[in-house]
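> need coordinates for the following:
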Amino acid sequence: MASEKHAEAVRKDMAQAQKAGATGTPSFVLGRTDPADPSKVKGISFIRGAQQFAALKTEIEKALAESEK
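Residues are numbered from 1 along each chain as shown. This next block holds a predicted model:
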């Protein structure tokens, strides 16, 4: 950390996370890949903070149902 070797990469990651709405950890984005371009991911749901398993399961099930459409 003292060398700041990775400081720029960390700053870029932090900027992207803030742009997506992450204000801390943990934060989760549930998404799916674009069939036309698997290198692209479309976010379906954003989960902020530590959650109980039931809440995560509900969001995952919604994301799976959305991907089946």
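
> switch to C-alpha atoms for all contacts and neighbour counts from now on
Will do.

> can you give me the pLDDT of the residue nearest to the spatial centre of the chain?
Nearest residue to the geometric centre of the chain (Cα atoms, centre = their mean): Val29, 2.6 Å. For Val29, the pLDDT comes out at 87.

> for the chain, longest strand please?
Secondary structure of the chain per DSSP state E: the longest strand is strand 37-48.

> helices or strands next to that one in the packing?
Contacts defined by 3 or more Cα pairs under 8 Å, 6 or more residues apart in numbering; DSSP states H and E place strand 37-48 against strand 27-34, helix 53-67.

> tell me which of the ones you listed sits most buried.
Of all these, strand 27-34 carries the top mean neighbour count, a mean of 15, counting by mean count of other Cα atoms under 10 Å.

> what is the neighbour count of Ala22?
Number of residues near Ala22 (other Cα atoms under 10 Å) recorded here: 19.

> so it touches Arg48, yeah?
Yes: using Cα atoms under 8 Å, Ala22 makes contact with Arg48 at a distance of 6.9 Å.

> adding distance to Met14, write the helices and strands packed on strand 37-48 out as a markdown table.
Output for the helices and strands packed on strand 37-48, formatted as a markdown table (distance: least, Cα to Cα, whole Å):
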| stretch | distance to Met14 |
| --- | --- |
| strand 27-34 | 12 |
| helix 53-67 | 23 |
